[in-house]
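Trainee: Give me the fold of what follows.
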Amino acid sequence: MVGSFQFELCSLSKLRQFHERVLSFSDKIVKGYFKLWVSESISALVLVGLFLSFLLAMVCTYFYVFPRYQPAIRSHRVHESSDSIGKCNVFEGKWIPDESYPLYNASQCPFAERGFDCVTNGRRDKGYQKWRWKPKNCEIPRFDVQQILGKLRGKRIVFVGDSLSRTQWESMICLLMKGVEDKRDVYEINGNKITKRIRFLGVWFSSFNLRVDFYRSVFLVQSGPAPRRAPKRVKSTVRLDKLDDISKEWIDSDFLIFNSGHWWTPTKLFEMGCYFQAGRSLKLGIGITSGFRTALKTWASWVESSVNTNRTRVFFRTFESSHWIGRNHNSCKVTRRPWLKTKGRDHSRISDILIDVVKKMTTPVTVLHVTPMGAFRSDAHVGTWSDNPSVPDCSHWCLPGVPDTWNEILLSMMLPKDGDESFHE
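Mentor: Modelled structure (predicted):
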């Protein structure tokens, strides 16, 4: 009996040892497989991460290698014609001969500055006046001055910027005056003559209750004397953080058209002793493009906080192509015909910065991207046919000329389509 009991205890002991060995063996197998599974999972995650990193690198490379800005500008009004399908970028196209141009005679327009009237100043070839801009996939509406004046009745148009803005302002007035029978109904509200330095000019179309104003603000932000204890080389400053103090006069308008760029150069700034300032601090280390971007951000902040977009539409024209040549870009040779190629002048760092700033705004601003179209027009500058022929000019344009095309496009964007009572999109 006792022997039998001992035998059973021995058997149970061996069975328990066997069971413990089986469990130990099973545990080792499970742990081994678990380690293998974890290892394989980690490897898979690493591979997925590497693949995603590769895709991200390829995407970044694509956007770096290929142009990051496209000609179609944010908030750009779409132009259509009966023979075009879909959307149209009016700033992509070519110049074609058109004998119906020019749209006015500068010598018969009292608001065309003598310095821009190249024919009166002795230019004999008038071929530069006979070119029309043809967008690639549509047509700019033909200029109908009576229809335009009817739709502009009771409106106020304001141009703000440098002398290129003044040229566009003069062009606009000359275009619109073609539809006014009694020219005495069109006059400068203060009786002022057009001069290069005057800060404000306003022309009243009394029979249409229409005003077209120009404000000279070459930087758009404030400029003023150097602060106390500034280095001797600092004669004046551009206040990058403060909009021009006459900006309060721009607000009450239906259309605001800005430009800036030609004064953002070393010759107009640093070489003249003009440096940047923010607050009370001089910013002597800031370059011109960085300063321009900061000034534009100040302008953008003002637009978003001050402009009533229920009434006012805002436009900004990009940098206008110039055609200076030579090692120091100080030689001016006006051609008889437009260039067939842009020769790199269809791009501008100033224009790129403007487009980038506008894209980040919440208030809609229409960019008039005229840089590429002007790049062809080496034939249309003032050259030596100005009121000061001893100083050649390959920056400004003859009138009539290229600025008229800017205004044809601008007017087509400003005016509502037939049946649309609103000037806004």
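
Trainee: Where does pLDDT dip in the stretch 51-200 of the chain?
Mentor: 51-86 (pLDDT under 70).

Trainee: quick one: the helices in it?
Mentor: 145-152, 163-177 (DSSP state H, counting those that start in this stretch).

Trainee: Adding distance to residue 301 and mean neighbour count, write these out as a markdown table.
Mentor: Quick note: C-beta positions are derived from backbone N, CA and C, even for glycine. As requested, the helices of the stretch 51-200 of the chain are arranged in a markdown table below (distance: least, Cβ to Cβ, whole Å; neighbours: other Cβ atoms under 10 Å):
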| stretch | distance to residue 301 | mean neighbour count |
| --- | --- | --- |
| helix 145-152 | 30 | 16 |
| helix 163-177 | 21 | 24 |
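
Trainee: Any chance of a markdown table for those, columns distance to residue 245?
Mentor: Shown next, in a markdown table, are the helices of the stretch 51-200 of the chain (distance: least, Cβ to Cβ, whole Å):
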| stretch | distance to residue 245 |
| --- | --- |
| helix 145-152 | 29 |
| helix 163-177 | 18 |
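
Trainee: quick one: which of the ones you listed is nearest residue 396?
Mentor: helix 163-177 (6.3 Å; Cβ to Cβ).

Trainee: Also compute the angle for the closest one relative to helix 145-152, please.
Mentor: Helix 163-177 and helix 145-152 are oriented at 110 degrees to each other (axes from the mean of the first three to the mean of the last three Cα atoms, to 10 degrees).

Trainee: export helix 163-177 as CSV, just CAs?
Mentor: The C-alpha coordinates for helix 163-177 follow below in CSV (Å, rounded to 0.1, in the frame of the first residue of the first chain):
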residue,chain,number,x,y,z
SER,A,163,6.1,107.9,-61.6
LEU,A,164,5.1,104.7,-63.4
SER,A,165,1.8,104.9,-61.5
ARG,A,166,1.5,108.5,-62.6
THR,A,167,2.0,107.4,-66.2
GLN,A,168,-0.8,104.9,-65.9
TRP,A,169,-3.0,107.6,-64.3
GLU,A,170,-2.3,109.9,-67.2
SER,A,171,-3.1,107.1,-69.6
MET,A,172,-6.4,106.4,-67.9
ILE,A,173,-7.5,110.0,-68.1
CYS,A,174,-6.6,110.3,-71.8
LEU,A,175,-8.5,107.1,-72.6
LEU,A,176,-11.6,108.3,-70.8
MET,A,177,-11.5,111.8,-72.2
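
Trainee: what's the spacing between it and its chain's center?
Mentor: In this view, helix 163-177 has its centroid 20 Å away from the chain centroid, taken as Cα atoms, centre = their mean, to the nearest Å.

Trainee: which secondary structure elements does that helix contact?
Mentor: Contacts defined by 3 or more Cβ pairs under 8 Å, 6 or more residues apart in numbering; DSSP states H and E place helix 163-177 against helix 145-152, strand 156-161, strand 200-205, strand 210-216, strand 255-258, strand 393-397, helix 402-414.

Trainee: let's see 7 Å
Mentor: On a contact count with 3 or more Cβ pairs under 7 Å, 6 or more residues apart in numbering; DSSP states H and E, helix 163-177 meets helix 145-152, strand 156-161, strand 210-216, strand 393-397, helix 402-414.

Trainee: host element of the closest residue in space to residue 279 that isn't next to it in sequence?
Mentor: Closest residue to residue 279 apart from its sequence neighbours, by Cβ to Cβ, 6 or more residues apart in numbering: residue 241 at 6.4 Å. If you go by DSSP states H and E, residue 241 is part of strand 236-243.

Trainee: Pairing partners for that strand, with directions?
Mentor: Partners of strand 236-243 in the sheet, by DSSP bridges, are strand 221-225 (antiparallel), strand 274-278 (parallel).

Trainee: Parallel or antiparallel, which strands does whichever helix or strand comes after the last one pair with?
Mentor: Proceeding N to C from strand 274-278, the next assigned helix or strand is strand 281-282, under DSSP H and E. Partner strands and pairing direction for strand 281-282 (DSSP bridges) are strand 274-278 (antiparallel).

Trainee: pLDDT on the strand it pairs with, on average?
Mentor: For strand 274-278, mean pLDDT is 97.

Trainee: Determine how far it lies from the middle of the whole chain.
Mentor: That offset, for strand 274-278, works out to 23 Å (Cα atoms, centre = their mean).

Trainee: do the same with stretch 393-400
Mentor: That offset, for stretch 393-400, works out to 21 Å (Cα atoms, centre = their mean).

Trainee: Just the CA trace of it, in PDB.
Mentor: Extracted in PDB, the C-alpha atoms of stretch 393-400 (Å, rounded to 0.1, in the frame of the first residue of the first chain):
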ATOM      1  CA  ASP A 393      15.200 106.900 -70.200                       C
ATOM      2  CA  CYS A 394      14.700 103.200 -70.600                       C
ATOM      3  CA  SER A 395      12.300 102.900 -67.600                       C
ATOM      4  CA  HIS A 396       9.400 105.100 -68.500                       C
ATOM      5  CA  TRP A 397       7.000 104.500 -71.400                       C
ATOM      6  CA  CYS A 398       5.900 106.800 -74.200                       C
ATOM      7  CA  LEU A 399       2.200 107.800 -74.300                       C
ATOM      8  CA  PRO A 400       0.200 106.500 -75.900                       C
END
